[in-house]
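[1] Sharing a model prediction with you, sequence too.
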Amino acid sequence: DAKHLVPNKMRDFFCTINLDQEEVFRTQVVEKSLSPYFGEEFYFEIPRTFQWLSFYIYDKSVLQKDLRIGKVSIKKEDLCNYTGKENWFMLQPVDSNSEVQGKVHLELKLNELITDNGSVCQQLVVHIKECHGLPLINGQNCDPYATVSLVGPSRNDQKKTKVKKKTSNPQFNETFYFEVTRSSSYTKKSQFQVEEEDIEKLEVRVDLWNNGNLVQDIFLGEIKVPVKVLRNDSFQAWYLLQPRENGNKSSKTDDLGSLRLNICYTEDCVLPSEYYTSLRNLLLKSSDVQPISASAAYILSEVCRDKYDAVLPLVRLLLHHHKLVPFVAAVAELDLKDTQEANTIFRGNSLATRCVDEMMKIVGKHYLKVTLKPVIDEICESPKPCEIDPIKLKEGDNVEINMENLRYYVDKVFREIVRSSISCPTLMCDVFYSLRHLAAKRFPNDPHVQYSAVSSFVFLRFFAVAVVSPHTFHLRPHHPDAQTSRTLTLISKAIQTLGSWGSLTKSKLSSFKETFMYEFFKTFQEEKFTESVKKFLDDVSSTESKEPSGLSEPVHLKEGEMYKRAQGRTRIGKKNFKKRWFCLTSREFTYHKQQGKLCLF
């Protein structure tokens with residue numbers, strides 16, 4: 001959460017998480033509050049090197065560009081000082097100096113030259129090789145160039161590299177020569193040393209800029225290297241870019257507000273695969289161990305401080321080696337032994353439920369996309385008011401119209417789900433089949449428990465969660481606005497309720513304490529809805545042959561915006577770089593004009 005933010009026109013704030021300049025996550029928008037509470041948790045692996053972990057507070061704008069209020073930036077080396085505990089950070093201003101990042105690779109050399117009149121002078125050779133990790137400009141790769149200057153009390157010789165297009169890691173490989181003037185009284189090498197001359201006061205300055213074409217160039221950072229460090233030798237090194245020494249520093253940093261963060265950063269040393277062979281073999285034998293609580297996989301989940309740290313890699317390993325279904329069946333059976341009542345089946349966060357959760361997230365991504373994305377897009381892009389709680393109704397809202405809108409959305413989402421059984425991945429069906437029969441075996445006198453064992457996962461932990469948080473499952477690029485978020489919450493609750501009706505008796509409406517919920521669900525009381533749920537649960541927990549799916553479905557590994565460069569385009573005015581939406585799956589690499597559009601290649 002944040003507090004005491006700077007008042008602005010909208011007062012609708014959200015926060016982004018950035019690795020260097022790359023946005024990786026974004027919170028929902030909190031409206032009309034100068035002390036917004038976000039309350040969101042993000043978990044992600046970092047596949048590349050980085051220098052800064054940054055958090056930007058934005059004020060949401062409808063017609064104009066979102067306004068950056070301030071930021072908190074933490075160096076990678078300092079993350080260990082804040083991990084595992086809550087800390088309040090003062091927001092810092094955002095300007096060109098505060099956004100400096102990256103490094104430059106330089107090689108410097110002093111050569112000794114004999115001039116035409118026989119005098120000896122020094123020549124400075126500056127080879128600028130490359131830069132790495134330059135910042136993004138307006139979310140895009142920059143067009144960088146460098147100026148190389150030899151600066152002294154009475155001189156400022158400047159030279160410039162070529163502009164490199166659309167890259168944060170430009171390869172310059174350009175060399176510049178500067179003559180260091182000597183006094184005419186020094187004609188022999190033995191009569192002076194380098195450090196005794198004006199080289200003491202000279203320095204090489206390299207400035208990085210983004211070429212603005214028709215607008216002003218943007219400063220990206222600078223470095224300064226005293227020439228005296230060379231001492232007639234060649235010297236090369238990587239230098240971190242620094243902000244300008246005379247950069248404008250705001251005197252109002254304390255007035256921007258503050259941000260509270262709870263950061264947990266871990267850095268693992270990963271050895272070559274062969275070092276893990278014994279452990280891998282031990283984990284893969286877990287499903288054959290009796291009792292399962294004595295297996296390596298189960299013990300691993302118990303000794304980890306956070307069970308999630310063990311579950312995710314464990315599921316991936318067992319999934320890859322086709323050992324997941326027997327392991328889930330074994331731990332689920334252990335779970336059921338401790339369950340005394342059928343109506344509480346698989347409701348806790350045990351090893352079994354977490355393994356099934358992670359399996360559905362990995363295997364069911366494509367299934368969710370083909371089932372829910374079209375209707376979620378409709379709800380988010382053409383929103384209708386759906387609030388039916390009289391206490392939360394806005395002035396001018398008609399509760400009857402809202403209820404009809406909500407019924408339309410719920411009915412559409414429900415129908416898409418119950419029609420989708422043919423698309424359910426085979427692996428999910430195999431797991432549901434095991435859970436269903438284990439539940440029936442544990443509670444043989446309850447005919448409904450076989451349905452609740454499956455619905456507690458596929459409805460409560462899969463579809464309902466995806467509806468309320470579509471951005472988490474990559475069904476939408478960002479959080480929906482407040483009204484749409486409330487609509488999705490109501491739809492999600494309705495789907496949970498309808499999904500549980502397949503395992504309930506006739507007295508379905510008696511559980512609703514609120515009158516408005518009782519009235520809303522009257523429409524869905526018809527027997528056809530209950531039968532639809534049961535048929536769907538029967539289908540997805542069946543091992544009968546169906547269309548190949550599951551692991552054969554393409555798994556989305558990575559997707560996002562990149563710039564595509566056209567080859568051989570020479571027409572003036574045509575852009576060689578265009579923003580495209582790229583998608584990498586386990587099957588193919590494609591790009592699209594925009595997210596959700598047809599594949600171009």
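    That came in fine, so what should we check first?

[2] which residue ranges form the helices in this protein?
    Using DSSP state H, the helices of the chain run over residues 277-284, 296-303, 307-320, 324-337, 351-363, 365-381, 399-418, 426-442, 449-457, 464-468, 482-500, 515-521, 527-540.

[3] closest one to Tyr177 among these?
    For the helices of the chain, proximity to Tyr177 was assessed by C-beta to C-beta; helix 307-320 is nearest, at 54.8 Å. (Glycine included, C-beta is placed from N, CA and C.)

[4] Of the helices of the chain, flag the one that's most buried.
    Scoring the helices of the chain by mean neighbour count under mean count of other C-beta atoms under 10 Å gives helix 449-457 as the most buried, with a mean of 25.

[5] Quick one: distance of that one to the chain centre.
    Offset of helix 449-457 from its chain centre (C-alpha atoms, centre = their mean, to the nearest Å): 32 Å.

[6] surely Leu261 meets Ile57?
    No - with contact defined as C-beta atoms under 8 Å, Leu261 does not count as touching Ile57 (11.7 Å).

[7] who's more crowded, those two?
    Between Leu261 and Ile57, counting by other C-beta atoms under 10 Å, Ile57 is the more crowded of the two (25 against 18).

[8] Would you agree that one is in contact with Ile69?
    Yes - contact criterion C-beta under 8 Å: Ile57 and Ile69 qualify, at 4.4 Å.

[9] which residues are common contacts for those two?
    5, 13, 91, 257 (C-beta atoms under 8 Å, 6 or more residues apart in numbering).

[10] Just give me the neighbour total for the third one.
    To tie it back to what came earlier, the one meant is Leu91. When neighbours are counted by other C-beta under 10 Å, Leu91 comes out with 23.

[11] ok, and the closest non-adjacent residue to it?
    Gly70 (3.1 Å; C-beta to C-beta, 6 or more residues apart in numbering).

[12] bridging residues for the one you found?
    Here Gly70 sits in beta bridges with Ile57, going by DSSP bridges.

[13] What separation is there between it and Val206?
    Distance check for Gly70 against Val206: by C-beta to C-beta, to the nearest Å, it reads 29 Å.

[14] Which residue of the two possesses the greater neighbour count?
    More neighbours surround Gly70 than the other of Gly70 and Val206, with 25 against 21 (other C-beta under 10 Å).

[15] Quick check, the more buried one in contact with Phe55.
    No - judged on C-beta under 8 Å, Gly70 makes no contact with Phe55 at a distance of 9.4 Å.

[16] how many neighbours does the closest residue to Cys583 other than its chain neighbours have?
    Among residues not flanking Cys583 along the chain, Glu559 sits closest, at 4.3 Å (C-beta to C-beta, 6+ apart). Using other C-beta under 10 Å, Glu559 has 17 other residues around it.

[17] tell me the contacts of Glu559?
    474, 581-584, 595.

[18] Residues in contact with stretch 430-447: which ones?
    Counting by C-beta under 8 Å, 6+ apart, 324-325, 328-329, 332-333, 336-337, 339, 342, 345-346, 356, 359, 449-454, 457-458, 540-543 sit against stretch 430-447.

[19] give me that answer again for 7 Å
    For stretch 430-447, the external contacting residues (C-beta atoms under 7 Å, 6 or more residues apart in numbering) are 325, 328-329, 332-333, 336, 342, 345, 356, 359, 449-450, 453-454, 458, 540-543.

[20] can you check stretch 3-23 too?
    So stretch 3-23 is contacted by 2, 24-36, 38, 42, 46, 50-61, 67, 69, 101, 133, 135-136, 255-258 (C-beta under 7 Å, 6+ apart).

[21] What are the buried residues along that stretch?
    5-6, 11-21 (16 or more other C-beta atoms under 10 Å).

[22] Which one of the residues you listed is nearest to Lys166?
    Gln21 (14.4 Å).

[23] Relative to Phe219, how far out is that closest one?
    Distance of Gln21 to Phe219, given as C-beta to C-beta: 15 Å.

[24] residue contacts, the nearest residue to Leu208 once chain neighbours are set aside?
    Leaving aside its sequence neighbours, Leu208 sits nearest to Leu220 (C-beta to C-beta, 6+ apart; 3.9 Å). Applying C-beta under 7 Å, 6+ apart, we find Leu220 in contact with 100, 134-135, 142, 144, 208-210, 241.

[25] Rank those by pLDDT and give me only the lowest.
    Taking these together, the minimum pLDDT is found at Pro135 (82).

[26] re earlier: would you format the helices of the chain as CSV with mean pLDDT included?
    Listed next are the helices of the chain as CSV, based on pLDDT from 0 to 100:
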stretch, mean pLDDT
helix 277-284, 94
helix 296-303, 92
helix 307-320, 88
helix 324-337, 93
helix 351-363, 93
helix 365-381, 92
helix 399-418, 92
helix 426-442, 93
helix 449-457, 91
helix 464-468, 94
helix 482-500, 90
helix 515-521, 77
helix 527-540, 89
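
[27] closest to Glu86 out of these?
    Nearest of the helices of the chain to Glu86, taken as C-beta to C-beta: helix 307-320 at 19.6 Å.
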